[in-house]
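**Student:** coords below, sequence missing:
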């Protein structure tokens, strides 16, 4: 079973989605919305049904432990991020064994690395792109303050402490895409 959950290996899926559903391992998950999906790209999501559908293809670094709660849990990380410097500096460690699925950009798939997280969030914040999901990070962090500090480690420095930063990392707009 490739679905994420307790005791199961998390799998990051790339853009393998068809008109009738998103591919998760061998299963096809029917799409929920009645409107036409223009893109599964997390950065381009504009409404709740698109966010739900995109979440069948992409994963955020954090998620909610149980529906309807505010308790966060690591999805693509080994543990919840360490917070230092008065709540301004966060260190995220990528979980080992998380892989991107095979597709045209990644014929053999590959393991998720810190550079994918940095790429995803800097891309989301790119002022030349005008992504709908940029609001999730734009008021909290600048592109230059997101950096790779190791093969599996990312550091984010906020200009001021934020009570919502980790919750924003659980949003579909901040889901991770392969840098390819």
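**Tutor:** Structure received. Here the structure is a predicted model, which is why all the values come from computation and not from measurement.
**Student:** Residue 91 - nearest residue in space that isn't next to it in sequence?
**Tutor:** Closest residue to residue 91 apart from its sequence neighbours, by CB to CB, 6 or more residues apart in numbering: residue 82 at 4.6 Å. Every residue, glycine included, has its C-beta placed from N, CA and C.
**Student:** okay, now the one you found: neighbour count?
**Tutor:** Residue 82: 11 surrounding residues under other CB atoms under 10 Å.
**Student:** what does the one 4 residues further on give?
**Tutor:** Close neighbours of residue 86, defined as other CB under 10 Å, add up to 9.
**Student:** ok, it to residue 140 distance?
**Tutor:** Distance, residue 86 to residue 140, by CB to CB, to the nearest Å: 15 Å.
**Student:** And residue 123, by the same measure?
**Tutor:** Residue 123 sits 16 Å away from residue 140, going by CB to CB.
**Student:** How about residue 87?
**Tutor:** Taking CB to CB, one finds residue 87 at 12 Å from residue 140.
**Student:** And for residue 164?
**Tutor:** 7 Å.
**Student:** Residue 130 now?
**Tutor:** Distance from residue 130 to residue 140, by CB to CB: 18 Å.
**Student:** Tell me, please, the helix or strand in this structure that averages the lowest pLDDT.
**Tutor:** strand 21-24 (a mean of 39; mean pLDDT, DSSP states H and E).
**Student:** Quick one: the strands in this structure, in order.
**Tutor:** For the chain, the strands defined by DSSP state E cover 11-12, 21-24, 27-30, 62-64, 72-74, 82-84, 89-93, 99-100, 110-111, 146-150, 153-157.
**Student:** Tell me which of those lies nearest to residue 178.
**Tutor:** Using CB to CB as the measure, strand 99-100 is the one of the strands of the chain that comes nearest residue 178, at 5.0 Å.
**Student:** Just give the strands next to the closest one in its sheet, each with its orientation.
**Tutor:** Looking at strand 99-100 with DSSP bridges, its partner strands are strand 11-12 (parallel), strand 110-111 (antiparallel).
**Student:** Great, nothing more from me.
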